[in-house]
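**Q** Model the following, please.
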Amino acid sequence: MAIAATFSISLGSCTTQSSRDAELKAAIAAADAAKESAAKTAGESEYADAMQSMPMGAVCWAAILEAVSSYGQRCIADESEDFRAALDEARLRLDRKFLGSAWSEERLAAFKRQMGEADTPKAELCSNADALGIYRETEKPGSEWLFKITDDLVSRPGPPEWGTCF
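**A** Residues are numbered from 1 along each chain as shown. This next block holds a predicted model:
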């Protein structure tokens, strides 16, 4: 559940519509509680099972993956090529879902820039210990897990939604 902390870190520097503010604050509070709970989880399979049972939406997952991707690209010199390829593929699958709904290329690009904290200075982003922890927690369960969550969210009918975001 440590993954949710990156999402809250990423969202901390973003400005969103006021109608989303309350939803995001609730998601961040829930993510913090989930993070604490995850600290007690012993095995990777328990972690992956818990993540798959969350009522998260595709927009939330895309935000998490953008934050993780940005951190990896900008801060991890020895990033695993396999993980990078899986992360890029998962993001591409989400992009197709978003663009196949009401999202425009411009909206998707702005979302990615915001969630990936493109305007955050590299030194600031890379010195964030929580962001590193979330990157590692996303990487740990492997690409099968990453694709399982992504594909489950992409296969939901209708436009992408935030969901409860943990």
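
**Q** Which residues are in contact with residue 99?
**A** 105, 108 (Cβ atoms under 8 Å, 6 or more residues apart in numbering). Yep, even glycine has a C-beta here, placed from its N, CA and C like the rest.

**Q** so how far is residue 153 from the residue found closest to residue 164 once you drop the neighbours it is linked to in the chain?
**A** In space, and not counting its chain neighbours, residue 164 is closest to residue 55: 4.8 Å by Cβ to Cβ, 6 or more residues apart in numbering. Using Cβ to Cβ, to the nearest Å, residue 55 is found at 11 Å from residue 153.

**Q** Which parts of this structure are helices?
**A** In the chain, helices defined by DSSP state H lie at 3-12, 18-38, 44-52, 58-75, 81-99, 105-115, 122-126, 129-139, 143-154, listed in chain order.

**Q** tell me which residues in the fourth one are buried?
**A** If I follow you right, that is helix 58-75. Of the residues in helix 58-75, 58-72, 74-75 count as buried by neighbour count, 16 or more other Cβ atoms under 10 Å.

**Q** Model confidence score at residue 151, please.
**A** For residue 151, the pLDDT comes out at 97.
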